[in-house]
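got a sequence here, can you model it:
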Amino acid sequence: MKNPNRKTVSKLDELPNIGKAIAADLLLIGIERPQELIGKDPFQLYEKLCKATGNQCDPCVIDVFMSAVNFMEGGEPHPWWFFTQERKKIQKNKLKLLKKRMGI
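Below you'll find the predicted structure:
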């Protein structure tokens, strides 16, 4: 697992779980440097990517974004699938809130 110095890392594909394809996706949505991930919402990054590509991307991309943001904000490097359960829990809670607002 990659574990670069957060303060000096300069390329997106040097981050844990970020290869050339995800680095290109991040560039497509305006993220050019790893430090730009700090404070970002992985779900919003995902929505922005889906809009930019015109496709519904695989939800596992959210897990990868969660891992990258978490790492840049000081978390330990973990494989992307470490974040899958957390993502599903967040999505479930968002769906419950939406249904409540809609009176369903």
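
dump the residue contacts of residue 90.
residue 43 (CB atoms under 8 Å, 6 or more residues apart in numbering). Glycine gets a C-beta too; all of them are placed from N, C-alpha and C.

ok, now with 7 Å
With CB atoms under 7 Å, 6 or more residues apart in numbering as the criterion, no residue contacts residue 90.

so it is in which element?
helix 84-102 (DSSP states H and E).

ok, residue 5 next?
Residue 5 belongs to no helix or strand, assigned by DSSP H and E.

look up how far residue 71 lies from it.
11 Å (CB to CB, to the nearest Å).

burial of residue 13, as a residue count?
Using other CB atoms under 10 Å, residue 13 has 14 other residues around it.

that one reaches residue 23, doesn't it?
Yes: between residue 13 and residue 23 there is a contact under CB atoms under 7 Å: 4.3 Å.

now stretch 8-17: buried residues?
9, 12, 15-17 (16 or more other CB atoms under 10 Å).

same check, this time on stretch 76-92
77-78, 80, 82-83, 87.

wait, doesn't residue 20 sit right on residue 11?
No: contact between residue 20 and residue 11 fails when scored by CB under 7 Å: they sit 10.3 Å apart.

rewinding a little: which one of residue 5 and residue 71 has more residues nearby?
residue 71 (24 against 7).

okay, buried residues for the helix or strand that contains that one please.
Residue 71 belongs to helix 60-72 when assigned by DSSP H and E. Under the neighbour-count criterion of 16+ other CB under 10 Å, helix 60-72 has 61-72 buried.

how near is the nearest residue to residue 60 once chain neighbours are set aside to residue 86?
Leaving aside its chain neighbours, residue 60 sits nearest to residue 80 (6.8 Å; criterion: CB to CB, 6 or more residues apart in numbering). Distance of residue 80 to residue 86, given as CB to CB: 11 Å.
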